[in-house]
Every structure is written in structure tokens, then in C-alpha cells.
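Undergrad: Turn this into a structure:
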Amino acid sequence: MLRLHNFYFLLYLFTFFFLAIPALKLVDGVRVGQFFILTTFMFIFMDDFLKNKVQWKILLYFFVGAFIMSLISFNSLENKFGEIKFMIKYFLIFPAAYYVGYSTLLKLNPKRFIYLTEISIFIYAFFAYIIEYAPVPKSILDKFISYREGWGGIKYLDFQGTFFEAGWLAMVIGSMLLISLLLRFQFQLWPKKKSLLIIFYIFIVVTLVLSKNKTVWIAFILILLFMVFYKSMLMLLYSNKYQPNYMRYKHALLMMYHKVDTLKVLMGVLLFIVLFFILNSSLNEPLISAEMLQEKLEKERGKVFMIVSSMLEESHYFGGYGFGFVEAYFTLKPQDVIGLGEGSAMVFNSYLDIWLSTSIFGLIFHLGLVYLSMNKAYYLSFSLPIYYFIFANFNPATGDEFYYLFLGFSLGVATYLSNEKKREYV
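TA: Model prediction:
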């Protein structure tokens, strides 16, 4: 008979695995990954309920937010596609994903969760390489893969594995790389043979490079720069100005951020930027080019930003056009915008999208969720919300369960570490 923690390990592994195959559906409209999220949540909730440890505040936050956003959406008279699906996600799937993420370290110990993330990363990358380079029959691929539609209705695959697109592959693998590194650092869980771990991390980085996603690198750089900035602010606020730096500390956070070597971080960021531009200029198809930027400004994100800004201005910056309005608007009134129309339910910027759909309240709800998920006392709970905040500004990330799963995990890590500290002083 499996022990309880082995049961949870397998349940989380199945959840992570099937969430990465969004094209695989249990029934029409319900993905297998969502089913496993709800199943895992059910077991965790029942366990917490029996132990009187249910996190009612988390569930209440989502329920109140979903209720108000739904009322705002119902109040809109605009055309909307799939409005009820959005409501089901906000009432049921997203809070379940957040709660499952929050409970991770309470059900699995840090070592087991590190193994879970690294196994998952390997599976995601393995499928990406197999799909890209192995002669897999299209009849098999069609069952598990989501194709993107390009000009002229031509459908194609990026280096995306089983995810919807390459950006999703990069977002998830990048966040898991961050989790693996920072959890190993936080708990000092390094293997005896570090060379194998280094090879594994190089494998992950190569996978991220092949995805050709720029946001993941922007996120990593900005996290490092935020840490340097935050350390500088702590130094300014809590160091004794009459003594040399690092002689006295008035705040526990300064002790932790003292380990962040400002000079090395800045030099590393500068070196990365230089190497990126050298590599970019040497490629036959650069990751960034003047033509690409012009296309994004004129036919993609720049054009969408102007359209959304105009609609927000018309609503006196209140928004509230309703869930599903974006897909309906760009389908019924084509704007010659790349990536929007039938089948695309969100614009590129999650916060603009939720503002447009559910008013300024929806924006406050989402920014509040990022803020509540952040705890600056620990590297991981500081970095992960920033990472997903950045992705949400460049991608419709808030429509994906991984976004809520890992924001919940960030809060759960901070809670777990805070409880560990309390036990030390008892």
C-alpha cells in the first residue's frame, strides 16, 4: 500500500504531466490536466478539512473575486464567446490550482518536490525534442498537439512540445528551473555529483534557447535587477550610516540579501546582454530584428495595444466588456491582427485583457493575487511572483493553470519556511 506522501507525489506528477498536454481532453471543454487539478484539490481539501487546516482565506479571495467579475461580465451587453467557461475557471479551476500549489510543500517535502519539478522538466523537454526531430506520424501528433495558424491558414508547429505554443513551454520550464535552483539553494539539497546537475541545467537552458522565447530571459534579468535594487533599498533603510556597510544590521532581510553580490550580478547581466546580441546577429534568422519589431508594432502587439487602449478610453478607463468579449470582437470585427480572432480568447497582455473584460476590479484582483503570493523574506517567494508578473505582461498567462499553480506555490513556500523558523525558536 502506498504511503500518503507517495500517493501525493504520483498525484502531483500526473497533474504536472497532463497540464502540459492541453490538447488532450477528457470530454469536450474539459482538459485532462484540469480534471487532475480538481482531483488533487479534492484530496487535499478533504485532508485539510479533517485536520481543520483548510485555507478558507484563499478560497474566499477567489470566490469573491469571481463573483464580482461575473456580475460585471453579465452586466455587459456586448457580444461574448464562451463567457460561462471563463466563470467556471475563476470559480473552480483557478482557485483549485492555486490551492494545490499552496499545499505542495505541506504534502511533499522539499526534496521530493525538487525531484518532481526536475522529472517534469525532463519530460516536457524530451517530448519537445521528439516532436521536433523524430519522425513521429502526424496521425499520432494530431491527438496531442495544438497547431498554430499562420498566414494563409497554414498550420504549423514551433519548438513547443505538447504545449499550446513555444512561449508556454518556455514559461513553464523557466519557472521550474527557477524553482529547482532556488529550492536547492534554500535547503542546501545539492547532489554529491554536481556535474550531472550542471549538465541537466545546461540541457534546460538549451531547451529554452530553442524555444526562441524572449520573455523568459527578460524575466530572469529583471528578477536579478529587482534583487539588486531591493538590497540597495534595504541598505539605505536599515544600515547604520555612521558605520561601514555590513557592520550592523537592523533587519533580518538584509542578512539574506547581503549574499546577493551586486557587482557580480550586474556584470553577469551585462555579459548576458552582450552575448545575446552577438549570438542574435550571427543567426540566419535572428531572434530579434528590425523587421520583427516593426511587424509586432504594426500588425501584432502594438496594434492590439492601441485598439485595447481606445476601448478602455471609450469606457472612461473602467472596462468591463465581459468575459469572452475579446474573442467575439476580433472574430466578428476582424482587425487584421496577428494571433487574434476565432480560438484566441485573450490579448497578449493579461492585465490589459482582464481590465478590458472585467473592469478595473479584475485588474486589482490579479495584481492583488501577485502581491499576496509574494514574500520578500525568501528568494523563491520573491522571484516567482515577479517572474509570472513579467510573463503576464507579455503573454495571456493568466488563462493558464500553471500561473495559479505556481503563484500558490510561492505563497506555500513562504508559509512553510516561516513555520520552520517558528519551530526553531520554540
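
Undergrad: close enough to count as contact, Met346 and Gly399?
TA: Yes: with contact defined as Cβ atoms under 8 Å, Met346 reaches Gly399; the gap is 5.2 Å. The way it works is simple: take the backbone N, C-alpha and C, and place the C-beta from them, glycine included.

Undergrad: Looking at those two, which one has more neighbours?
TA: Met346 (22 against 17; other Cβ atoms under 10 Å).

Undergrad: number of nearby residues for the closest residue to the more buried one other than its chain neighbours?
TA: Closest residue in space to Met346, ignoring its immediate chain neighbours: Pro396 at 3.5 Å, by Cβ to Cβ, 6 or more residues apart in numbering. As a burial measure, Pro396 scores 23 neighbours (other Cβ under 10 Å).

Undergrad: can you check Lys143 too?
TA: Neighbour tally, Lys143, other Cβ under 10 Å: 9.

Undergrad: would you say it is within a strand?
TA: No: counting by DSSP: H, G, I helix; E, B strand; the rest coil, Lys143 is not found in a strand; it is helix.

Undergrad: got a list of what it touches?
TA: 23-24 (Cβ atoms under 8 Å, 6 or more residues apart in numbering).

Undergrad: got it, and Phe144?
TA: 21, 23-24, 162.

Undergrad: How much space separates it from Gly167?
TA: Using Cβ to Cβ, to the nearest Å, one gets 18 Å for the distance from Phe144 to Gly167.

Undergrad: Check what pLDDT Ala166 gets.
TA: Looking at Ala166, its pLDDT stands at 88.

Undergrad: okay, now the nearest residue to it once chain neighbours are set aside: neighbour count?
TA: Distances taken as Cβ to Cβ, 6+ apart put Asp158 closest to Ala166, at 3.9 Å, once the chain neighbours are dropped. Neighbourhood size, Asp158 [other Cβ under 10 Å]: 20.

Undergrad: mind checking which helix or strand Asp158 is in?
TA: Take DSSP states H and E as the rule and Asp158 turns out to sit in neither a helix nor a strand.

Undergrad: For it, which residues are in contact?
TA: Here Asp158 is in contact with 148, 165-166, 211-212 (criterion: Cβ under 8 Å, 6+ apart).

Undergrad: Most neighbours among those, which one?
TA: Ser211 (25 neighbours).

Undergrad: From Tyr124, how far out is that one?
TA: 11 Å.

Undergrad: any residues in contact with both of the two?
TA: 169, 173.

Undergrad: Now for the protein, the helix or strand with the poorest mean pLDDT.
TA: strand 155-156 (a mean of 58; mean pLDDT, DSSP states H and E).

Undergrad: next structured bit after it?
TA: By DSSP H and E, the next helix or strand past strand 155-156 is helix 166-187.

Undergrad: what is the rounded mean pLDDT of stretch 127-138?
TA: 84.

Undergrad: list the buried ones in that stretch?
TA: Neighbour counts over stretch 127-138 (16 or more other Cβ atoms under 10 Å) mark 127-128, 131 as buried.

Undergrad: where's Leu92 relative to Ile354, distance?
TA: Taking Cβ to Cβ, one finds Leu92 at 18 Å from Ile354.

Undergrad: whoops, I mixed them up, Ser315
TA: Relative to Ile354, and taking Cβ to Cβ, Ser315 is found at 14 Å.

Undergrad: do the same with Gly322
TA: Gly322 is 12 Å from Ile354, by Cβ to Cβ.

Undergrad: Past the host helix or strand of Pro95, which element shows up next along the chain?
TA: Per DSSP H and E, Pro95 falls inside helix 94-102. Using DSSP H and E, the next helix or strand after helix 94-102 towards the C-terminus is helix 104-107.

Undergrad: I'd like the average pLDDT over that next one.
TA: On average, helix 104-107 scores 90.

Undergrad: now swap in stretch 352-365 and tell me
TA: Mean predicted lDDT for stretch 352-365 stands at 94.

Undergrad: what residues does that stretch touch?
TA: Counting by Cβ under 8 Å, 6+ apart, stretch 352-365 makes contact with 65, 68-69, 72-73, 86, 305, 308, 311-312, 317-326, 346-347, 351, 366, 396, 398, all of which sit outside it.

Undergrad: mind listing what's buried in it?
TA: 352-363, 365.

Undergrad: And for stretch 184-202?
TA: Judged by neighbour count (16+ other Cβ under 10 Å), stretch 184-202 contains these buried residues: 184, 200.

Undergrad: what distance separates that stretch from the centre of its chain?
TA: In terms of Cα atoms, centre = their mean, to the nearest Å, the centre of stretch 184-202 is found 23 Å from the chain centre.

Undergrad: Tell me where the stretch 201-350 of the chain has strands.
TA: In order along the chain, the stretch 201-350 of the chain carries no strands (DSSP state E, counting those that start in this stretch).

Undergrad: so where's it shaky on pLDDT?
TA: Low-confidence segments of the stretch 201-350 of the chain (pLDDT under 70): 237-260, 283, 287, 289-290, 292-295, 298-299, 339, 341-343.

Undergrad: so where do the helices sit in it?
TA: 215-238, 252-257, 262-282, 290-299, 301-314, 325-332, 350-373 (DSSP state H, counting those that start in this stretch).
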